[in-house]
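# Mind folding the following:
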Amino acid sequence: MADSKNGIHSSSLDPVDEWSKSEYSHRNAMKQIDLMQSHLENLKESLMKSRVRCHILEVDLATQFSPYMMEAIRNTEQNCQKCVKAISEKCRQTQEI
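Here you go, the predicted model:
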């Protein structure tokens, strides 16, 4: 049935039909919101991993150039070389006997 003034079918003015269309749009909107929420959660997780990695790299960089750390590394290397020499001398002495 058509309205004589503007040619609109009376079935398009049916409140049940209009509710179905609005519900369909609402469902689509909710799906889009859920999808965006999922993407945001993934981004948040990725950001947290990146922040932790960045912090670890900052700590590594800071300790790498720390004067105290560099001195400790030098002392450890010197002690290691002394141990290697001592062990080599003991082995040589043992082989001579």
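# got the residue ranges for the helices in this protein?
Residue ranges of the helices in the chain, as given by DSSP state H, are 15-64, 67-96.
# Format these as TSV; extra columns: mean pLDDT and mean neighbour count.
C-betas here are computed from N, CA, C, even on glycine. Rendered in TSV, the data for the helices of the chain read as follows (pLDDT from 0 to 100; neighbours: other Cβ atoms under 10 Å):
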stretch	mean pLDDT	mean neighbour count
helix 15-64	84	10
helix 67-96	87	10
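# How about the backbone phi and psi for Ser66?
Main-chain torsions, Ser66, degrees, to the nearest 10: phi -70, psi 130.
# what about dumping the CA coordinates of stretch 56-67 to CSV?
Only the C-alpha atoms of stretch 56-67 are listed here, as CSV (Å, rounded to 0.1, in the frame of the first residue of the first chain):
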residue,chain,number,x,y,z
ILE,A,56,65.8,-4.2,29.9
LEU,A,57,67.8,-2.6,27.1
GLU,A,58,68.2,0.6,29.1
VAL,A,59,69.5,-1.3,32.1
ASP,A,60,71.9,-3.2,29.9
LEU,A,61,73.1,0.0,28.3
ALA,A,62,73.6,1.7,31.7
THR,A,63,75.5,-1.2,33.2
GLN,A,64,77.6,-1.6,30.1
PHE,A,65,79.2,1.8,30.5
SER,A,66,79.1,2.0,34.2
PRO,A,67,82.7,2.8,35.5
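# Quick one: distance of it to the chain centre.
Taking Cα atoms, centre = their mean, to the nearest Å, one finds the center of stretch 56-67 at 22 Å from the center of the full chain.
# Against Lys44, how distant is Met70?
When distances are taken as Cβ to Cβ, to the nearest Å, Met70 and Lys44 turn out to be 38 Å apart.
# swap in Asn28?
Relative to Lys44, Asn28 is positioned 25 Å away (Cβ to Cβ).
# same thing with Gln64?
Relative to Lys44, and taking Cβ to Cβ, Gln64 is found at 30 Å.
# Over to Thr94?
In terms of Cβ to Cβ, Thr94 sits 63 Å off from Lys44.
# cool, and Cys91?
Distance from Cys91 to Lys44, by Cβ to Cβ: 59 Å.
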